[in-house]
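Asker: predicted model follows, preceded by the sequence.
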Amino acid sequence: MKTSELIIDSFAGGGGASLGIAWATGRAPDIALNHDPNALAMHAENHPSTNHVLEDVWRADLRLLTQGKPVGLLWASPDCRHFSRAKGGKPVSKRVRSLAWIVCKWADQVQPRVICLENVREFADWGPLVPAWTCRQCAWRGTEGQATLVRTKRKCPRCESKRLTITEDLIPCPARKGVTFRRFVARLKKLGYEVEWKNLNAADYGAPTHRRRLFLIARRDGEPICWPEPTHGDPKELQVSRLWKDDRRPFRTAAECIDWNEPCPSIFSRSKPLADKTMRRIALGIKRYVLEAQSPFIVQLAHGEEKDGRWGSGSKGLDKPLGTVHSGGGNHALVAPYVVPMTHDGERRIPSIEDPLPTITTAKRGELALVSAFLAKHFGGVVGVPINTPLPTTTQRATQNQIVAANLVRFNFDDAGVPIDAPLPTVTKFNHAGLVYSFLVRYFGTAIGQHLTEPMFTITGKDRFGLITVQVDGEPYVIVDIGMRMLTPRELARAQGFPDTYILKGTKTSQVARIGNSVCPPIARAIVAANYCLEFANA
């Protein structure tokens with residue numbers, strides 16, 4: 001690393017790549033470039049020494065910005081929305097997909113010694129766009145190539161109708177995947193760069209999120225391109241690989257990102273009921289990660305004390321990284337069953353799920369506050385993920401990331417419960433056990449089920465009532481309520497690998513967008529350290 005060289009973070013966003021660069025080099029980038037004033041505002045709060053340039057990348061002239069000084073490192077994270085698989089079959093923008101070409105323009109203008117580019121894995125499939133066709137009979141949409149592959153005569157592949165019309169929408173040509181990407185790489189090579197690319201997972205480098213991205217490294221200084229060795233790994237794999245002196249640490253987990261003091265409102269007390277698909281996913285998630293787990297993930301909560309947690313070996317939980325944090329839409333909810341205190345000064349007490357959890361004592365029959373949790377994902381037909389795993393992808397909207405929590409009450413704790421083959425006791429305003437039963441039976445129970453607004457049917461069967469029984473340390477507990485809340489911007493930032501000292505600026509929606517668009521700082525640090533700061537990487 002040469003201190004006289006400039007470091008540039010283009011497409012700078014909220015500053016994730018810049019933070020990783022600063023960790024690796026000991027200084028913030030000299031120039032941060034972005035067209036979004038909200039993004040640069042957050043960047044400026046955290047990197048005040050950087051020269052912030054509010055400009056459309058196509059209009060930016062690095063020759064003027066650098067004033068003839070050599071550029072040692074150029075980091076580029078072009079807009080990924082119109083490459084991502086999260087886009088599905090929706091039309092894409094040719095202009096947005098072309099943003100990556102600016103890297104070649106800048107490489108020609110200022111010849112950075114090292115270029116690092118980050119994008120979604122589908123960036124390697126970058127190819128030409130073709131018009132989309134639509135069937136006026138069944139509304140099928142696709143390319144002309146797909147239609148003619150199915151029939152020699154142009155027919156709809158779904159209904160075989162000939163009523164196909166061309167649209168103004170553009171979609172990637174399935175027959176020419178990767179053609180433009182290969183041209184992009186060839187252009188960099190023609191400018192004198194050696195180029196390599198690889199898909200990396202941020203969880204492997206110390207971020208508590210499974211964020212898998214394509215990273216491209218280009219060098220023109222004659223030094224070899226280096227790919228950093230993973231520092232973290234799946235705990236199950238590490239148990240075996242330790243025989244070969246594997247120094248990797250276990251994945252950081254979603255659980256460490258969660259603020260367990262945040263209230264988790266009941267799903268049964270909402271002014272607007274959740275969608276049926278959402279309720280079904282919550283029910284299936286509780287079945288998979290709580291009821292059927294050998295030992296559900298439990299978090300002990302103590303106000304003013306360090307949080308602790310454990311999870312069962314028979315199921316995935318919050319001991320693993322969160323899935324990818326997306327910029328385009330939220331898809332994770334935290335679902336967490338709570339063990340709540342049943343006696344207080346000799347009286348039975350079942351607090352509301354919105355109430356703060358009480359202090360944990362060491363006495364077996366004292367007050368107890370435990371949370372068994374998982375993350376619900378509300379898109380793509382996915383049930384969710386355990387909370388002791390890395391956080392799934394976070395997107396620009398916070399609606400993907402939600403916590404679901406279920407209150408648990410010990411069966412044999414004073415008069416806190418009844419035998420498993422006895423009728424359910426009276427449901428009070430603080431105890432939604434009857435609603436939980438009806439809800440769970442409706443979606444996966446042994447009974448046919450009923451609508452939650454209908455009168456409750458008689459509850460007497462052991463096999464049915466057992467559906468909402470959870471074993472914790474050999475003792476049975478009953479789920480008496482289920483809560484759900486969105487993950488906060490701070491929780492999502494932790495999952496991306498940002499420290500709590502990192503300033504989040506703007507509205508909640510703006511903060512989530514910045515986080516979802518960000519590069520995970522730990523993986524940026526690893527790549528820059530390996531290719532730009534060799535003395536750091538070898539330290």
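Answerer: Perfect, thanks for sending it.
Asker: what about Ala139, neighbour count?
Answerer: Residues contacting Ala139 under the criterion other C-beta atoms under 10 Å number 10. Placement of C-beta: from N, CA and C, glycine included.
Asker: now Tyr477
Answerer: Here the neighbour count serves as a burial measure; for Tyr477 (other C-beta under 10 Å) it reads 29.
Asker: Val71 too?
Answerer: Val71, neighbours per other C-beta under 10 Å, totals 23.
Asker: can you check which strand is longest in this structure?
Answerer: Secondary structure assigned by DSSP state E gives strand 475-486 as the longest strand of the chain.
Asker: any weak-confidence spans in the stretch 1-150 of the chain?
Answerer: Across the stretch 1-150 of the chain, the stretches falling below the confidence threshold (pLDDT under 70) are 1-3, 80-95, 144-150.
Asker: so which residues of it form strands?
Answerer: Assigned by DSSP state E, counting those that start in this stretch, the stretch 1-150 of the chain shows strands spanning 6-10, 31-34, 51-54, 71-76, 114-119, 129-135, 141-143.
Asker: deepest-packed of the ones you listed, please.
Answerer: Mean neighbours per residue, mean count of other C-beta atoms under 10 Å, is largest over the strands of the stretch 1-150 of the chain for strand 6-10, with a mean of 26.
Asker: what is the orientation angle of that strand with strand 114-119?
Answerer: Inter-element angle recorded for strand 6-10 and strand 114-119: 20 degrees (by axes from the mean of the first three to the mean of the last three C-alpha atoms, to 10 degrees).
Asker: what is the next helix or strand after the longest strand of the chain packed up against?
Answerer: Sequence-wise, the next helix or strand beyond strand 475-486 is helix 489-496, with elements assigned using DSSP states H and E. In terms of contacts (3 or more C-beta pairs under 8 Å, 6 or more residues apart in numbering; DSSP states H and E), helix 489-496 is packed against helix 508-517.
Asker: packing partners for the helix it packs on?
Answerer: Helix 508-517 sits against helix 37-46, helix 489-496, with contacts defined as 3+ C-beta pairs under 8 Å, 6+ apart.
Asker: just these: most buried one?
Answerer: Looking across the helices and strands packed on helix 508-517 with neighbours counted as mean count of other C-beta under 10 Å, the highest average goes to helix 489-496: a mean of 26.
Asker: rewinding a little: what's the angle from the longest strand of the chain to helix 489-496?
Answerer: Going by the same axes, to 10 degrees, strand 475-486 is angled at 100 degrees with respect to helix 489-496.
Asker: just checking, what packs against strand 475-486?
Answerer: Strand 475-486 sits against helix 276-286, strand 333-335, strand 338-339, strand 402-410, helix 433-444, strand 469-472, with contacts defined as 3+ C-beta pairs under 8 Å, 6+ apart.
Asker: hey, least reliable of those by pLDDT?
Answerer: For these, the stretch scoring lowest in mean pLDDT is strand 338-339; its value is a mean of 44.
Asker: ok, Arg219 - contacts?
Answerer: Arg219 makes contacts with Arg113, Val114, Ile115, Tyr193, Glu194, Ile225, Asn531, as judged by C-beta atoms under 8 Å, 6 or more residues apart in numbering.
Asker: give the bridge partners for it, please.
Answerer: As for beta bridges, Arg219 partners with Val114, Glu194 under DSSP bridges.
Asker: do Gln471 as well
Answerer: Assessed by DSSP bridges, Gln471 has beta-bridge partners Pro476.
Asker: likewise for Leu164?
Answerer: Counting by DSSP bridges, Leu164 forms beta bridges with Cys135.
Asker: was I right about it contacting Arg158?
Answerer: No: look at Leu164 against Arg158 with C-beta atoms under 8 Å: they stay out of range, at 10.8 Å.
Asker: pull up the overlap in contacts between the two.
Answerer: Overlap between the neighbourhoods of Leu164 and Arg158 consists of Cys135, taking contacts as C-beta under 8 Å, 6+ apart.
Asker: so Ile166 belongs to a helix, correct?
Answerer: No: membership of Ile166 in a helix is not supported by DSSP: H, G, I helix; E, B strand; the rest coil, which gives strand.
Asker: nearest residue to it other than its sequence neighbours?
Answerer: Nearest non-adjacent residue to Ile166, counting by C-beta to C-beta, 6 or more residues apart in numbering: Pro131, 5.1 Å away.
Asker: I'd guessed the one you found sits against Glu168; true?
Answerer: Yes: under the criterion of C-beta under 8 Å, Pro131 is in contact with Glu168, at a separation of 7.3 Å.
Asker: just put the strands of the stretch 1-150 of the chain in JSON lines and tack on distance to Lys177.
Answerer: Supplementary listing: the strands of the stretch 1-150 of the chain in JSON lines, determined by distance: least, C-beta to C-beta, whole Å:
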{"stretch": "strand 6-10", "distance to Lys177": "26"}
{"stretch": "strand 31-34", "distance to Lys177": "29"}
{"stretch": "strand 51-54", "distance to Lys177": "34"}
{"stretch": "strand 71-76", "distance to Lys177": "22"}
{"stretch": "strand 114-119", "distance to Lys177": "15"}
{"stretch": "strand 129-135", "distance to Lys177": "12"}
{"stretch": "strand 141-143", "distance to Lys177": "12"}
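Asker: separation between Trp260 and Ile479?
Answerer: Trp260 sits 18 Å away from Ile479 when distances are taken as C-beta to C-beta, to the nearest Å.
Asker: the more surrounded of these two?
Answerer: Ranked by neighbour count (other C-beta under 10 Å), Trp260 and Ile479 place Ile479 first, with 26 against 21.
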